[in-house]
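J.: sequence-free structure coming up:
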């Protein structure tokens with residue numbers, strides 16, 4: 001394949017064995033080239049800008065400079081376009097922090113198929129046009145309602161919202177069309193998509209107190225004695241992201257932040 005058409009990856013992993021294993025895995029793919037490997041965060045910081053990499057694949061536990069620090073410094077320098085965090089260390093707080101700096105947060109172990117799918121989604125994914133902030137706006141909205149990005153349900157909800165923003169009619173055919181299409185995208189089943197979404201929403205709901213729910217979902221929240229099911233949640237989020245003065249927040253465009 002023409003080198004100019006390949007996805008160029010820089011790997012930063014504190015374990016040399018893991019870094020070399022990732023390099024071997026990635027280089028089996030015709031459309032991917034590894035342009036740098038570092039086992040220290042400070043080394044990656046020094047070498048990444050001149051590597052020509054399209055994407056940084058990094059662990060969080062790096063000596064010299066940790067993964068979050070590396071991502072932050074590269075973002076501040078304006079040289080980081082895309083990043084995927086791949087780590088065996090995570091909790092809700094760390095996952096949330098990483099989600100603002102990287103495109104995806106994948107807990108180890110991860111299958112090669114899933115890793116490749118996420119890498120290609122970063123670089124080759126179809127650009128979508130929203131009235132708000134595109135893919136970043138969808139991610140931020142989900143984070144603002146306490147949906148954690150390391151959950152499968154987060155990815156499914158993000159995909160669902162991207163789709164319903166383009167075609168709101170999908171909200172009338174969630175079971176027949178939306179779950180089916182998302183399942184196909186992520187190589188899983190519609191039942192798994194539905195369950196994972198519901199679990200992510202219920203977990204997010206439990207993290208919020210009543211005032212937070214009211215600020216985010218407005219008066220509708222008082223009518224829900226438990227976490228909203230998938231369709232009401234997606235309807236509220238779609239309405240908010242589409243700029244309609246309904247469901248989410250006390251005023252159009254207003255969101256609470258839990259940074």
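T.: Nice, thanks for sending it over. Because the structure is predicted, anything quoted here is derived from the model rather than measured. Numbers count the residues shown, from 1 in each chain.

J.: can you give me the helices in the protein?
T.: Chain-ordered helices for the chain, with DSSP state H as the definition, fall at 16-26, 41-47, 67-77, 92-99, 112-124, 134-144, 152-166, 179-185, 190-207, 210-217, 230-241.

J.: so what's the residue nearest in space to the middle of the chain scoring on pLDDT?
T.: Nearest residue to the geometric centre of the chain (C-alpha atoms, centre = their mean): residue 104, 4.3 Å. According to the prediction, residue 104 has pLDDT 81.

J.: hang on, it packs against residue 95?
T.: No: counting by C-beta atoms under 8 Å, residue 104 stays clear of residue 95, with 10.8 Å between them. C-beta: built from backbone N, CA, C; applies to glycine.

J.: mutual contacts of those two, please.
T.: With contacts taken as C-beta atoms under 8 Å, 6 or more residues apart in numbering, the residues that reach both residue 104 and residue 95 are residue 149.

J.: could you tell me the angle between the worst-scoring helix or strand of the chain on mean pLDDT and helix 67-77?
T.: Confidence across the helices and strands of the chain bottoms out at helix 92-99, with a mean of 71, counting by mean pLDDT, DSSP states H and E. Here helix 92-99 runs at an angle of 30 degrees relative to helix 67-77 (axes from the mean of the first three to the mean of the last three C-alpha atoms, to 10 degrees).

J.: what residues does helix 92-99 touch?
T.: With C-beta under 8 Å, 6+ apart as the test, helix 92-99 has contacts from 60, 67, 68, 71, 85, 90, 105, 139, 143, 148, 149, 150.
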